[in-house]
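Chemist: Kindly return the folded structure for what I paste below:
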Amino acid sequence: MLQESQLFSLLDKVLKQTAFIRKSEEAVYFCPFCSHRKKKLEINVRTQEWHCWVCHVRGTSIRSLFYKLKAKE
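Modeler: Numbering: from 1, shown residues only. Got it, this is the predicted structure:
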């Protein structure tokens, strides 16, 4: 399993943006699904749950986020 810092770096690379880190375990990004003007996609690296507060797309693992984004290895 990846360390939290490695996971933050991987998320930055896949989402092609830098996260705003909140509470040392949550990363906040611009949502690639709804393209809202503010950062609304929250990803918790401990629980791996993610959620967009605007378009309500969500998942229970970061792997499901990568699958939805069609990220390549």
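
Chemist: Distance of residue 4 relative to residue 24?
Modeler: Applying C-beta to C-beta, to the nearest Å, the value for residue 4 to residue 24 is 8 Å. Where you see a C-beta, it was placed from the backbone N, CA and C, and this is true even at glycine.

Chemist: more neighbours, these two?
Modeler: residue 4 (13 against 8; other C-beta atoms under 10 Å).

Chemist: mind checking the backbone torsions on the residue nearest to the more buried one when sequence neighbours are not counted?
Modeler: Leaving aside its chain neighbours, residue 4 sits nearest to residue 45 (5.1 Å; criterion: C-beta to C-beta, 6 or more residues apart in numbering). The phi/psi pair for residue 45 (degrees, to the nearest 10) reads phi -80, psi -20.

Chemist: What's the local residue count around residue 45?
Modeler: 23.

Chemist: Secondary structure element for the residue nearest to the spatial centre of the chain, which one?
Modeler: Most central in the chain under C-alpha atoms, centre = their mean is residue 43, positioned 4.3 Å from the mean C-alpha point. Element membership for residue 43, per DSSP states H and E: strand 39-44.

Chemist: Now find how far off-centre that strand is within its chain.
Modeler: 6 Å (C-alpha atoms, centre = their mean, to the nearest Å).

Chemist: Which residues are in contact with residue 12?
Modeler: Taking C-beta atoms under 8 Å, 6 or more residues apart in numbering, we find residue 12 in contact with 18-19.
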